[in-house]
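Q: need a structure here:
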Amino acid sequence: MNIGLIGLPKAGKTTIFNALTGQTAETAEYDTGKVEPNVGVVPVADERVEKLSALYNPKKTIHATVEFIDFVGAHQGAAKGGLFSGEGMALIKTADALAIVLRNFRNPTIEGLYGLPKPLQDLETILDELILADQVVSERRLERIRQDHQRGKKTPQTLAEEKVMERIVEALGAGIPIRSLELSSEDLKLISGYKFLTAKSLLVLLNSDENQYGKDPNLLQGLKEKASGAGKDNPRHAHPPVIEFAGKFEMELAQLDPSEREAFMADMGIQESARSRLTRAAYEALGYISFFTVGEDEVRAWTLRKGETALEAAGTIHSDLARGFIRAECFTVKDLLELGSEKAVKDKGLFRLEGKEYIVQDGDILHIRFSV
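A: Below is the predicted model of the structure:
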């Protein structure tokens with residue numbers, strides 16, 4: 001799973017990136033001309049992994065991970081490397097989800113270049129530009145399909161794609177993002193190659209300074225309403241998470257040892273680190289769950305989308321497990337931790353054998369029986 005950090009110039013994307021990853025990527029008040037994104041992989045905080053590790057004492061303990069990509073700041077009409085230019089857009093299409101970073105901190109130098117912070121207006125600008133980018137792609141594709149049909153080049157697939165594209169073009173023209181449409185799995189497969197930006201899950205990150213952090217609930221509510229937009233047709237995507245960070249403060253926290261970090265967080269009234277809050281929100285926004293494999297060699301958390309099957313979980317672990325799938329031995333972290341051992345779980349009748357169509361639940365422990 002990877003999340004692209006996007007935003008207007010000097011919104012503090014790299015500051016947020018450093019807070020999340022513990023890296024020290026360069027931050028600057030002026031444009032550095034840098035085009036290449038910063039990339040960092042962070043573990044997903046999950047106390048279940050630690051508890052399982054304490055129970056099995058394995059040689060390796062592996063958390064699920066999230067990759068964060070810090071894209072260069074967007075410039076409307078930019079000639080190079082920004083969000084709204086060809087190079088930046090091609091990079092950003094590779095992200096599974098987008099996290100829009102909004103400036104909500106005071107800095108005289110930045111304000112001299114870009115004006116006072118205006119997060120609501122900035123969010124609207126970026127949402128409009130993302131819709132515009134998808135309009136260009138979808139309208140061109142629909143025009144191409146219709147031209148092919150006029151020449152007699154019709155197939156069941158292009159006829160189906162034409163219907164989906166007509167819905168998409170109409171929605172985008174009304175300012176409705178693609179993620180707000182109720183599209184079938186077949187529809188999503190037809191358009192998957194276009195990597196539409198407004199089809200991606202969305203998060204909004206308000207980057208505040210220490211003096212403003214937590215002081216404006218009305219702003220947060222306004223951002224939630226604007227990010228939700230016209231998402232009522234698809235309640236699953238109607239309310240993208242809006243998370244406030246004291247970005248510079250949390251970047252500095254990330255460089256401290258854990259004991260010092262906890263003391264400073266308590267002083268600021270921050271109960272969880274930026275990393276924990278964002279990774280949890282990302283899981284919810286993307287519809288992910290965690291399942292686990294356990295043993296003396298390794299305890300590991302794996303990432304899976306809600307609604308996916310035991311067969312797909314097997315393939316996540318290794319393609320051979322999916323190819324030779326027989327059954328999945330299944331029990332839950334909750335039952336294991338409450339009862340203390342796999343034997344006790346079996347004795348209580350809580351150990352199950354599931355087939356390939358079983359829908360994996362968050363917190364399941366799986367052992368795949370297979371033969372190849």
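
Q: What residues of the longest helix that the chain contains count as buried?
A: Ranked by residue count under DSSP state H, the longest helix found in the chain is helix 119-150. If you call a residue buried by 16 or more other C-beta atoms under 10 Å, then helix 119-150 has these buried ones: 119, 122-123, 126-127, 129-131, 133-135, 137-138, 141-142, 145. (Glycine included, C-beta is placed from N, CA and C.)

Q: helices and strands around the helix or strand following it, which ones?
A: Downstream of helix 119-150, the next assigned helix or strand under DSSP states H and E is helix 156-173. Counting contacts by 3 or more C-beta pairs under 8 Å, 6 or more residues apart in numbering; DSSP states H and E, helix 156-173 packs against helix 119-150, helix 185-191.

Q: which secondary structure elements does the first one contact?
A: Using 3+ C-beta pairs under 8 Å, 6+ apart, the elements in contact with helix 119-150 are strand 97-104, helix 156-173, helix 217-228.

Q: run the last query once more with 10 Å
A: Using 3 or more C-beta pairs under 10 Å, 6 or more residues apart in numbering; DSSP states H and E as the contact test, the elements touching helix 119-150 are strand 2-6, helix 86-92, strand 97-104, helix 156-173, helix 185-191, strand 201-208, helix 217-228.

Q: What residue spans form the domains of the chain?
A: 2-286, 307-370 (automatic domain parsing).

Q: okay, and for the stretch 101-250 of the chain, where does confidence drop off?
A: Applying pLDDT under 70 to the stretch 101-250 of the chain flags residues 230-238.

Q: mean confidence for the helix or strand containing residue 18?
A: For residue 18, the host element (DSSP H and E) is helix 13-21. Averaging pLDDT along helix 13-21 gives 90.

Q: starting at the chain centroid, how far to the next helix or strand after that helix?
A: Next helix or strand after helix 13-21 toward the C-terminus (DSSP H and E): strand 38-43. In terms of C-alpha atoms, centre = their mean, to the nearest Å, the gap separating the centre of strand 38-43 from the centre of its chain is 13 Å.

Q: Buried residues in strand 38-43, which are they?
A: For strand 38-43, a neighbour-count test (16+ other C-beta under 10 Å) marks 38, 40, 42 as buried.

Q: strand partners of it, parallel vs antiparallel please.
A: strand 65-70 (antiparallel) (DSSP bridges).

Q: hang on, the earlier thing: out of the helices and strands packed on helix 119-150, nearest to residue 352?
A: The closest of the helices and strands packed on helix 119-150 to residue 352 is helix 185-191. By C-beta to C-beta, the value is 26.8 Å.

Q: Would you mind listing the buried residues in that closest one?
A: Neighbour-count burial for helix 185-191, counted by 16+ other C-beta under 10 Å, picks out 187, 190-191.

Q: Which residues does it contact?
A: Helix 185-191 is contacted from outside by 137-138, 141, 157-158, 160-165, 167-168, 178, 181, 183-184, 199, using C-beta atoms under 10 Å, 6 or more residues apart in numbering.

Q: For that helix, what is the distance to the chain centroid?
A: Helix 185-191 has its C-alpha centroid displaced from the chain centroid by 20 Å (C-alpha atoms, centre = their mean).

Q: picking up where we left off before, just the closest of the buried residues of helix 119-150 to residue 254, please.
A: Comparing the buried residues of helix 119-150 against residue 254 with C-beta to C-beta places residue 119 closest, at 22.9 Å.

Q: Pretty sure that closest one sits against residue 224.
A: No - at 12.0 Å, residue 119 does not count as touching residue 224 under the criterion of C-beta atoms under 10 Å.

Q: Could you find the closest non-adjacent residue to residue 27?
A: Spatial nearest neighbour of residue 27, chain neighbours left out: residue 14 (4.9 Å); criterion: C-beta to C-beta, 6 or more residues apart in numbering.

Q: distance of residue 328 from residue 371?
A: Separation of residue 328 from residue 371 (C-beta to C-beta, to the nearest Å): 14 Å.

Q: Next: residue 13.
A: According to C-beta to C-beta, residue 13 and residue 371 sit 48 Å apart.

Q: Over to residue 339?
A: Relative to residue 371, residue 339 is positioned 30 Å away (C-beta to C-beta).

Q: and what of residue 272?
A: 44 Å.

Q: Repeat that for residue 262.
A: Between residue 262 and residue 371 the distance is 49 Å, computed by C-beta to C-beta.

Q: Neighbour count for the two, which is higher?
A: Taking neighbours as other C-beta atoms under 10 Å, residue 262 and residue 371 compare with residue 262 leading, 14 against 8.
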